[in-house]
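Trainee: here are the coordinates; sequence isn't available:
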């Protein structure tokens, strides 16, 4: 966001030219023209802010922060520049510092809707939902037609257990932006909290209709399909969630991927498709090779496939001491000794 600044700044036409270059993605040219303008206007906070934006767009975080800071030194109430610093600090994994910069942005301009929203989101991410709601409410007051701010506000309402209020706000976000697939997904999750499972499934389906490869919505719809007894639908959705997931090599993503394979394996076992269930459990074990429960699940699948001796070994390793009653044909878990 850019505000009108007149202190030591170039003519409007020249700064608009810089912004046109930035918005068109011609970043090298924009950087060159910023530096040229700074020769004539060395104390222009606006040009330093634009140069920071250019570096920011190129992923040059430290250079971007340096120029944003220069802008705030020249204009101590430059809310946009403080806001821009906060955004980068958050992306760098420095949330407390980001909060401080967003607070400076809001102090500089209490009616800065984007600053209020960003401060609210940061506080939300830090679990400070009461404070988050205060700033997000202000952001909605200032910019009542912004769907993202309503979305963020609903998240903190839900975190505080204000489920009906949160549902109302998610509906407002969707009314403001009918293709807001993330809001449909979150509304579905909230409807699950309210035990309104059929409505939750419909909301997840709307999310998928808007974004056919949205893995999170498939995962959530699979869960609610399982709750209402539609196991075939759940099986299909777990498989789609795995297929469309943009899996990063971090603990959170890999744990979710493992859980999806486990759920898929469990449903395949229900349908007696033991070979595919075994393949699903093996995929989960590739992610969590030391997970004892998964080893036991793999043993269940192998027993079901007829290799009783090998299956029982794995079940013993995973679940504890296991015996086999040949008359009943079932395994009995006695727990660890």
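Mentor: Sure, I can see it. None of the values given here were measured: they were computed from a predicted structure.

Trainee: OK, contacts around residue 67?
Mentor: Taking CB atoms under 8 Å, 6 or more residues apart in numbering, we find residue 67 in contact with 48-49, 51-52, 55. Placement of C-beta: from N, CA and C, glycine included.

Trainee: redo that, cut-off 7 Å
Mentor: Neighbouring residues of residue 67 by CB atoms under 7 Å, 6 or more residues apart in numbering: 48, 51-52, 55.

Trainee: how about those residues in JSON lines, adding pLDDT?
Mentor: Listed next are the contacts of residue 67 as JSON lines, based on pLDDT from 0 to 100:
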{"residue": "48", "pLDDT": "97"}
{"residue": "51", "pLDDT": "98"}
{"residue": "52", "pLDDT": "98"}
{"residue": "55", "pLDDT": "97"}
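
Trainee: Give me the buried entries from those residues.
Mentor: Those of the contacts of residue 67 that meet the buried threshold are 48, 51-52, 55, by 16 or more other CB atoms under 10 Å.

Trainee: And whichever strand or helix holds residue 316, what's buried?
Mentor: Under the criterion of DSSP states H and E, residue 316 resides in helix 308-319. By neighbour count with 16+ other CB under 10 Å, helix 308-319 contains the buried residues 308, 311-312, 314-316, 318-319.

Trainee: Pull out the buried positions in stretch 166-182.
Mentor: Of the residues in stretch 166-182, 166-167, 169-170, 172-174, 176-177, 180-182 count as buried by neighbour count, 16+ other CB under 10 Å.

Trainee: and what of stretch 19-37?
Mentor: Buried residues in stretch 19-37, counted by 16+ other CB under 10 Å: 21-22, 27, 30-31, 33-34, 37.

Trainee: Quick one: mean pLDDT over that stretch.
Mentor: For stretch 19-37, mean pLDDT is 96.

Trainee: again with stretch 265-278
Mentor: For stretch 265-278, the per-residue pLDDT values average out at 96.

Trainee: please renumber so the chain begins at 504
Mentor: Fine by me, first position is 504 from now on; the one you just mentioned is stretch 768-781.

Trainee: quick one: terminal-to-terminal distance for that stretch?
Mentor: 7 Å (CA to CA, to the nearest Å).

Trainee: Can you give the contact residues for it?
Mentor: Stretch 768-781 is contacted from outside by 734, 737-738, 741, 783-784, 787, 800-801, 803-805, 807-808, using CB under 7 Å, 6+ apart.

Trainee: PyMOL command for the buried members of those?
Mentor: Buried members of the contacts of stretch 768-781, defined by 16+ other CB under 10 Å, are picked up in PyMOL with:
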select buried, resi 734+737+738+741+783+784+787+800+801+803+804+805+807
